[in-house]
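# coordinates only, no sequence provided:
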């Protein structure tokens with residue numbers, strides 16, 4: 001199980017801002033790329049990292 005520095009940065013920003021959209025803006029990426037990164041990390045770790053509530057993600 002390997003989590004890259006970029007993936008950790010994505011997870012950190014989503015947790016900090018509680019928003020995939022805001023994290024995407026900070027990283028100059030589209031929200032779908034952030035969602036995909038989180039999904040792959042969750043699959044790799046075998047745990048759900050965030051509770052998704054509409055437009056917000058809560059750690």
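Yes, it's here. Small disclaimer: the values here were computed from a predicted structure and weren't measured.

# so where's the protein uncertain?
55-59 (pLDDT under 70).

# tell me where it has strands.
In the chain, the strands defined using DSSP state E lie at 51-53, 56-58.

# stretch 2-16: which residues count as buried?
Judged by neighbour count (16 or more other CB atoms under 10 Å), stretch 2-16 contains these buried residues: 10, 11, 13, 14. Bear in mind the C-beta positions are built from the backbone N, C-alpha and C, glycine included.

# quick check: closest non-adjacent residue to the last one.
With sequence-adjacent residues excluded and distances taken as CB to CB, 6 or more residues apart in numbering, residue 14 is closest to residue 23, at 4.5 Å.

# the one you found: neighbour count?
By other CB atoms under 10 Å, 25 other residues sit near residue 23.

# OK, contacts around it?
10, 13, 14, 16, 17, 34 (CB atoms under 8 Å, 6 or more residues apart in numbering).

# kindly recompute the last result at 7 Å.
10, 13, 14, 17, 34 (CB atoms under 7 Å, 6 or more residues apart in numbering).

# off-centre distance for the longest helix along the chain?
For the chain, the longest helix by residue count, based on DSSP state H, is helix 31-45. How far helix 31-45 lies from its chain's middle: 6 Å, per CA atoms, centre = their mean, to the nearest Å.

# same question for stretch 42-59.
On CA atoms, centre = their mean, the centre of stretch 42-59 falls 7 Å from that of its chain.

# before we move on, what about stretch 3-14?
The answer for stretch 3-14 is 7 Å, by CA atoms, centre = their mean.
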